[in-house]
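> Can you look at this prediction? I've put the sequence above it.
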Amino acid sequence: MFIKKIFILLAMTIFITGCGNKNDDSNSVSLNFNEREKYKEQIYALMYDYYWRYDSSTVEFFASSVPEDIEENEKIFDASSDIDLSLERYSGDNCVVVTMDLQHFNGDYAGRGYYYFIKDKLRGAYYTANDDKPYSFGIRNIFVNSPSFTGYESDEVMATFKEYKSYVDVDGFSDTSKDNSGKFMALSVNGDNLNIYKYSNKSLVRSKSVYMSSNGLVPLSACFIGSDDDFSGVAVIMGEYVVEEDEHSHEEGDTYSHEEDIYTVSKKVVFLNDNFNKTGQEILLSDSNCNSIFYDDDYLSIVAGDYIEYYANGENGFEKVGQFRLGHTANHVHITDLDGDGSKEYIMTDGFDLYMYKKEGTDFINVWRTHITVNNFTGYIYSGDLNNDGTKEVYVSDITGTAIRYILKENGLITSNEDIEYGNNIYACDFNNDGKDDYIKIVFGENTKQSMCIQQ
């Protein structure tokens, strides 16, 4: 309500001063060029300090007044105070309000900034996003669609862990589940092979290695079929790696640079039974850009381009029954329950951004993303409550081979890497089924090392 009141006040100001052109800020308030530039200079300095991008063509000026010091305006004053601006002390004073569109790192629209000036000095600032609530410029990438959670990450430090030797594929696991006896198991795609690991005696032991390559096709992605208490097999996307070479001449042909672009072309899905033997059943893929496969809510789901295709298992095997347009591809989809409320979260990456979704039926509802859109993420996604506070953290690797920890907070996911050393990767999961999450630590370097860390 308080945001609406501010908008009404600003609208009245526009009406009184005769401002009719959004991009003609000279009509909204009587300021000369030098005065406007002085205001902009202070705003741009603030945005620089807090690493915000903005659209300078959207700047507008209004004659207004500072909101009253009442409860419904408290968040505006708190947002300003969070960036060391004392707007509250000027409550009710006449002011100039400057507004401007904000952008995420990749240029996506991020919200609208509001900047309060008293006697030519910046005295308060905040921004609004999709929910029209005021936020501090120290808070970024807030939730979309206002998802509700029952708990959030605390300031608890990492729990106590005991380290044991580990001998798993360093690239990690495409999926994890439990076999029909309740024992933890994990899938690893490694070259021509699909490796199955099971937990035994404080270690993950490779229980089987299935040679998958056939007719030039290799395994690209794999998932378990069924739930933890009803495991029935494995689905594997098969395809080929294509190397595209490109040569560029420089300085009138005197020198050349040679570049290689490696990408995958998906062809089909093959299946293994619960003994990890090939069944002979196949799904021929019409989309050559199928990057990931996962099983959820009785559907085998394939990320095909920027769609998720759903396959149901019937008398004739798995057949396509529908699809949902995601709007981006995904190299991996990790299904978890961060706050333990029984409602699943779907964390995925296309290599450029990290996304979090909720699900309604077969529709995926985006609730958060990083808005980076540069080549940043690699490998698989994991989640685990490694500080034992009741809320899982999300772990994903960047292109340096270092884990990035994202923690769940009231306004969105934020990074928290203070205790993660460069080159350390974290594969979190409850390996021994004791209800406490553990992790495998991979230390990349000249001599890659790994260890299994069991929570005590």
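Structure received.
> tell me the contacts of residue 436?
159, 385, 388, 430, 455 (Cβ atoms under 8 Å, 6 or more residues apart in numbering). Using the backbone N, CA and C atoms, a C-beta is placed for each residue, glycine as well.
> Out of those residues, the closest to residue 333 would be?
Ranked by distance to residue 333 (Cβ to Cβ), those are led by residue 430 at 19.5 Å.
> Wait, the closest one touches residue 383, no?
No. Residue 430 lies out of contact with residue 383 (Cβ atoms under 8 Å); the separation is 10.6 Å.
> Tell me which of those two has more neighbours.
The neighbour comparison of residue 430 against residue 383 (other Cβ atoms under 10 Å) goes to residue 383, with 23 against 18.
> right, and the more buried one touches residue 392 too?
Yes. Residue 383 is within contact range of residue 392, at 4.4 Å (criterion: Cβ under 8 Å).
> joint contacts of those two?
What both residue 383 and residue 392 touch, as defined by Cβ under 8 Å, 6+ apart, is the set 336, 338, 428.
> and which of those residues is nearest residue 63?
Distances from residue 63 to the shared contacts of residue 383 and residue 392, taken by Cβ to Cβ, are shortest for residue 338, at 45.7 Å.
> Distance check, the closest one against residue 32.
Per Cβ to Cβ, to the nearest Å, residue 338 is found 52 Å from residue 32.
> what are the bridge partners for the nearest residue to residue 290 once chain neighbours are set aside, then?
The shortest distance from residue 290 to any non-neighbouring residue, by Cβ to Cβ, 6 or more residues apart in numbering, is to residue 266 (3.8 Å). For residue 266, the beta-bridge partners under DSSP bridges are residue 239.
> OK, contacts around residue 266?
Residue 266 neighbours (Cβ under 8 Å, 6+ apart): 220, 237, 238, 239, 285, 287, 288, 289, 290, 291.
> Can you say which of these are buried?
220, 237, 238, 239, 285, 289, 290, 291 (16 or more other Cβ atoms under 10 Å).
> list the contacts for the fifth one?
When the contact criterion is Cβ under 8 Å, 6+ apart, the partners of residue 285 are 237, 266, 267, 268, 269, 302, 304.
> which SS class is the nearest residue to the last one once chain neighbours are set aside?
Looking back up the chat, that one is residue 304. Closest residue to residue 304 apart from its sequence neighbours, by Cβ to Cβ, 6+ apart: residue 287 at 3.9 Å. The three-state label given to residue 287 by DSSP: H, G, I helix; E, B strand; the rest coil is coil.
> what about residue 287, distance to residue 346?
Taken as Cβ to Cβ, the span from residue 287 to residue 346 is 20 Å.
> Contacts for stretch 424-432, please.
So stretch 424-432 is contacted by 168, 172-173, 176, 184, 186, 199, 202, 204, 379-380, 382-384, 386, 392-393, 395, 397, 401-403, 405, 420, 436-444, 452, 454 (Cβ under 8 Å, 6+ apart).
> before we move on, what about stretch 342-350?
292, 296, 303, 328-338, 354-359, 364, 377, 381, 383, 394, 396.
> what's near enough to touch the residue nearest to residue 304?
Residue 287 touches 266, 304, 305, 307, 309, counting by Cβ under 8 Å, 6+ apart.
> any chance of these in JSON lines, with pLDDT and distance to residue 140 too?
As requested, the contacts of residue 287 are exported to JSON lines (pLDDT from 0 to 100; distance: Cβ to Cβ, whole Å):
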{"residue": "266", "pLDDT": "97", "distance to residue 140": "35"}
{"residue": "304", "pLDDT": "97", "distance to residue 140": "32"}
{"residue": "305", "pLDDT": "96", "distance to residue 140": "29"}
{"residue": "307", "pLDDT": "98", "distance to residue 140": "29"}
{"residue": "309", "pLDDT": "98", "distance to residue 140": "33"}
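> Just among these, which is most surrounded?
Neighbour max across the contacts of residue 287 (other Cβ under 10 Å) = residue 266, 24 neighbours.
> that older thread, derive a ChimeraX selection command for the buried subset of the contacts of stretch 342-350.
Command for ChimeraX that selects the buried part of the contacts of stretch 342-350, burial taken from 16+ other Cβ under 10 Å:
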select :292,296,303,328,329,330,331,332,333,334,335,336,338,354,355,356,357,358,359,364,377,381,383,394,396
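> among the contacts of stretch 342-350, which are in strands?
292, 296, 303, 332-336, 354-359, 364, 377, 381, 383, 394, 396 (DSSP state E).
> Where does pLDDT dip in the stretch 301-450 of the chain?
Within the stretch 301-450 of the chain, no range satisfies pLDDT under 70.
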